[in-house]
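K.L.:
please find the sequence and the predicted model below.
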Amino acid sequence: MKTIQIYDPPMCCSTGVCGPQVDPVLPLFAGMLSQIGGCGVTIERHNLAQQPAAFAKNPEVRAILEKEGTESLPLIFIDGQLELKGRYPQPAERSAWVGRARDGEQVKVAD
Amino acid sequence: MTTDNNSPFNPLPVRRLLERAPRHLFFTGKGGVGKTSLASATALALAESGKRTLLISTDPASNLDEVLGLELTREARAVPGADRLFALNIDPEAAAAAYREKVVGPMRGLLPETALREMEEQLSGACTMEIAAFDEFTAFLGGDGPGDYDHIVFDTAPTGHTLRLMALSQAWTTFFNENTSGNSCLGPLAGLGKQRSLYAEAVEVLKDSEKTRVVLVSRAQRAALKEARRTWRELGDLGVSNQCLALNGWFAPVHADDPVSRHWAERQSRAVDGESGFLHSLPLYRAPLLPSNLIGLDVLRAFFQDPEHAAGTAFADGTDDSAPALPGIDELADRLAPQGRGVILTMGKGGVGKTTVAAALGLALAERGANVRLSTTDPAAHLADAFGDTKGGLEIERIDPKAETEAYVGEVLAQQPADMDPDSRALLEEDLRSPCTEEIAVFRAFARTVARGADSIVVLDTAPTGHTLLLLDATQSYHRELGRQSRTTKHSEAIEKLLPRLRDPGFTRVLLVTLPEATPVHEAAALQDDLRRAEIEPHAWIINQSMAEVGTREPVLAARGRAEIRYIHEVLDTHAAGPVYSIPWSTVEPVGTEGLKALSQNERKELAR
């Protein structure tokens, strides 16, 4: 794993604490990102309410938004491939992704 | 050594505020104490002494337009008739709208309409307004702010709001320094990231006594002085050292034997005696009680140069009409007590007596056998003071923003899985330190309190106008958000039902509280318009502290009473769709159960005589 791109629904913050009630998946997901970020994976995270230009620039993201609306968010791409649509990863997926990030780190020599 | 004239009974005339004035002057205080008058008079005097001066209002309920006779915008405009004086208004809603457009505008045509609508919704919350206003505010404190002004005079928001802005500026500076992950909660601020250094600079400017002076404005009244002392201490704790106090509305009786005059003077002395420790701790200035508010440049000028004369010339104002006879709030209590349930919100500009009215009405309802819960979201809660030692058989609750935030943070952390990894927990805790958290926590408490109106009468004394509107606006955008988030998150019943409850005239009764003076009446009318936009119709108006119904020989007080009559008529004829109640100015201080009862009882008019 080299890159992960996340297109979040419009949110105030990445853990969701600013909503009337917290979605417990969000902080866990943010925690996972900080772990795989530590393995040298490039993370791009875009929030529709804050970085809309990133959504407009990506033709694939735009096409999905046009067709399926904001219900399709979040969109998560790993190394350019759409990995998840409309939800965040579950515990098993999170561990698997952290594993893939660590494998990548072993292959990669320090730059 | 500052031994010059520090006695509370010999404060300096207000024009001496000009001496050694630093670049930034902040006027702050409880609503209705005359911040706007003093800030405008000071700015005008600075401009006319040859300095290029900018007057800025950051108050969501600013009446600077009215004072200067100029429609203010977020861009500085030259004040006609005053050389070198410029003015602007930082309206949080307008600032948020401008910011929203900056983010959303370029995306039109590029993103689907539904996505644009969601973005706009997300950027309509209370956090965005606070942050956008704060962002504009700090731009003027930075070293090379726009316009090349010698002085910038801030007619700041009510104290709680001001404190939050300042605390925010510090919290964010710390936050930016600590937050290294770069993907955490900067909220709507993310789009403004380039200006981070400005926030840090703003904090330093506020603390620098060479650059900034804070003028605490107060009336010589117990609650207002207490509020000023609280602000003085909190600002001091934040490192703001250059502070002084301006006692506005200082009363010098002519007829010491007139009962109203005597009570007014006694109340003033008691208030000053009770705060003598505080009053000896900082430089003091005074300005006399005037028969009416300062509107227009000539009056502002006279006020600063020769306040006593300005007071005298304004005596001609008013009318020979007698005050219209209005029912008292005892009649309102008679009508509402049998309902036994629902929510009563007292709303209005800060300083009009929402807390006192809520407490007096709550007490009157309880006396009529209703089950009453009295609750306040006012950040500067005076409810405990209003009751003194006794509680009169009511259940009293305070919505304390700090305690609510702590409870909310604890609750959120407890919801997380026990085996949550340390990174995730650290990130979450970081987000919970963000300024948005308090808004959410207070909102939840508000929703919870309103829900209690299902089985008792809840009397809610809401926060000052601007804050109240932000709260209501927040409830609306959350309400809209429910549809979107309900797929992943369950909301409490209290939150889901909040807006329908507030809109139900059989459940929620909004009482617009005003003083019979120009500015409070106009601001209450503006608040009524805003409520109507949110589809909430006020139940009644309450005219508080009316001197018009009280007989006195004291010229300044009698003139104030006469000046009130046209505003009472304006409420009746132009603004109120429902009933109008009045509470005459009382010679009994509205503290404790006895003092509060005096406000709602029929014999109150006799009491005043």
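P.N.:
Arrived safely.

K.L.:
the residue in chain A positioned nearest to chain B sits in which helix or strand?
P.N.:
Taking Cβ to the nearest Cβ as the measure, chain A has residue A:31 as its residue closest to chain B, at 2.4 Å. For glycine as for every other residue, the C-beta is placed from the backbone atoms N, C-alpha and C. With secondary structure defined by DSSP states H and E, residue A:31 is part of helix A:25-38.

K.L.:
C-terminal to that helix, what's the next element?
P.N.:
strand A:42-47.

K.L.:
what ranges do the strands span in chain A?
P.N.:
Secondary structure of chain A by DSSP state E: the strands cover A:3-8, A:42-47, A:75-78, A:81-85.

K.L.:
name the nearest residue to residue A:7, ignoring sequence neighbours.
P.N.:
Once flanking residues are discounted, residue A:7 sits nearest to residue A:75: 4.3 Å by Cβ to Cβ, 6 or more residues apart in numbering or on different chains.

K.L.:
shouldn't residue B:152 be within a helix?
P.N.:
No - assessed by DSSP: H, G, I helix; E, B strand; the rest coil, residue B:152 does not belong to a helix; its assignment is strand.

K.L.:
quick one: pLDDT of residue 52?
P.N.:
Assuming you mean chain A. Here the pLDDT value assigned to residue A:52 is 83.

K.L.:
please go with chain B instead
P.N.:
96.

K.L.:
so it touches residue B:82, yeah?
P.N.:
No - assessed by Cβ atoms under 8 Å, residue B:52 is found out of contact with residue B:82, at 11.5 Å.

K.L.:
what about these two, which has more around it?
P.N.:
For residue B:52 against residue B:82, the residue with the higher neighbour count under other Cβ atoms under 10 Å in any protein chain shown is residue B:82, and the figures read 21 against 16.

K.L.:
rewinding a little: show me the beta-bridge partners of the residue nearest to residue A:7.
P.N.:
residue A:7, residue A:85 (DSSP bridges).

K.L.:
contact partners for it?
P.N.:
Residue A:75 makes contacts with A:6, A:7, A:61, A:64, A:82, A:84, A:85, as judged by Cβ atoms under 8 Å, 6 or more residues apart in numbering or on different chains.

K.L.:
give me the number of neighbouring residues for residue B:451.
P.N.:
The burial count assigned to residue B:451 is 19, neighbours taken as other Cβ under 10 Å.

K.L.:
how about residue B:265?
P.N.:
Residues lying near residue B:265 (other Cβ under 10 Å) number 17.

K.L.:
please name the nearest non-neighbouring residue to it.
P.N.:
Taking Cβ to Cβ, 6+ apart, and ignoring the residues beside it in sequence, residue B:265 has residue B:253 as its nearest neighbour in space, at 4.8 Å.

K.L.:
what's the spacing between that neighbour and chain A?
P.N.:
Residue B:253 sits 53 Å away from chain A, taking Cβ to the nearest Cβ, to the nearest Å as the criterion.

K.L.:
mind listing what that residue touches?
P.N.:
Under the criterion of Cβ under 8 Å, 6+ apart, the neighbours of residue B:253 are B:261, B:262, B:264, B:265, B:554.

K.L.:
which SSE is the third one in?
P.N.:
Assigning secondary structure by DSSP H and E places residue B:264 in helix B:259-274.

K.L.:
the nearest residue to residue B:40 once chain neighbours are set aside: which element?
P.N.:
Once flanking residues are discounted, residue B:40 sits nearest to residue B:67: 5.1 Å by Cβ to Cβ, 6+ apart. Counting by DSSP H and E, the element that carries residue B:67 is helix B:64-68.

K.L.:
can you mark which positions in that helix are buried?
P.N.:
If you call a residue buried by 16 or more other Cβ atoms under 10 Å in any protein chain shown, then helix B:64-68 has these buried ones: B:64, B:66, B:67, B:68.

K.L.:
which member of those is positioned nearest residue B:442?
P.N.:
The nearest member of the buried residues of helix B:64-68 to residue B:442, counting by Cβ to Cβ, is residue B:64 at 27.3 Å.

K.L.:
packing partners of the lowest-mean-pLDDT helix or strand in chain A?
P.N.:
The helix or strand with the lowest mean pLDDT-type score in chain A, counting by mean pLDDT, DSSP states H and E, is helix A:25-38 (a mean of 80). The elements that helix A:25-38 packs onto, with contact taken as 3 or more Cβ pairs under 8 Å, 6 or more residues apart in numbering or on different chains; DSSP states H and E, are strand A:3-8, strand A:42-47, helix A:91-107, helix B:422-432.

K.L.:
report the rounded mean pLDDT for the helix or strand following the last one.
P.N.:
Spelled out, it's helix B:422-432. Once helix B:422-432 ends, the next helix or strand along the chain (criterion: DSSP H and E) is helix B:436-451. When the per-residue pLDDT values of helix B:436-451 are averaged, the result is 75.

K.L.:
then stretch B:506-516?
P.N.:
When pLDDT is averaged along stretch B:506-516, the result is 93.

K.L.:
list the buried residues in it.
P.N.:
Judged by neighbour count using 16+ other Cβ under 10 Å, the buried positions of stretch B:506-516 are B:507, B:508, B:509, B:510, B:511, B:512, B:513, B:514, B:515, B:516.

K.L.:
check stretch A:25-39 too.
P.N.:
By neighbour count, with 16+ other Cβ under 10 Å as the criterion, the buried positions of stretch A:25-39 are A:25-37, A:39.

K.L.:
returning to that earlier point: who are the packing partners of the helix or strand just after the helix holding residue B:264?
P.N.:
Tracing the chain C-terminally past helix B:259-274 and defining elements by DSSP H and E, one meets helix B:276-279 next. Under the contact criterion of 3+ Cβ pairs under 8 Å, 6+ apart, helix B:276-279 touches helix B:222-237.

K.L.:
may I have the helix it packs on as CSV, with CA atoms only?
P.N.:
Only the C-alpha atoms of helix B:222-237 are listed here, as CSV (Å, rounded to 0.1, in the frame of the first residue of the first chain):
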residue,chain,number,x,y,z
ARG,B,222,-25.2,44.8,41.6
ALA,B,223,-25.5,42.4,38.7
ALA,B,224,-23.7,44.5,36.2
LEU,B,225,-20.8,45.2,38.5
LYS,B,226,-20.5,41.5,39.4
GLU,B,227,-20.4,40.7,35.7
ALA,B,228,-17.7,43.3,35.2
ARG,B,229,-15.7,41.9,38.1
ARG,B,230,-16.0,38.4,36.6
THR,B,231,-14.9,39.6,33.2
TRP,B,232,-12.0,41.5,34.8
ARG,B,233,-10.8,38.4,36.6
GLU,B,234,-11.2,36.1,33.6
LEU,B,235,-9.5,38.4,31.2
GLY,B,236,-6.8,38.9,33.8
ASP,B,237,-6.4,35.1,33.9
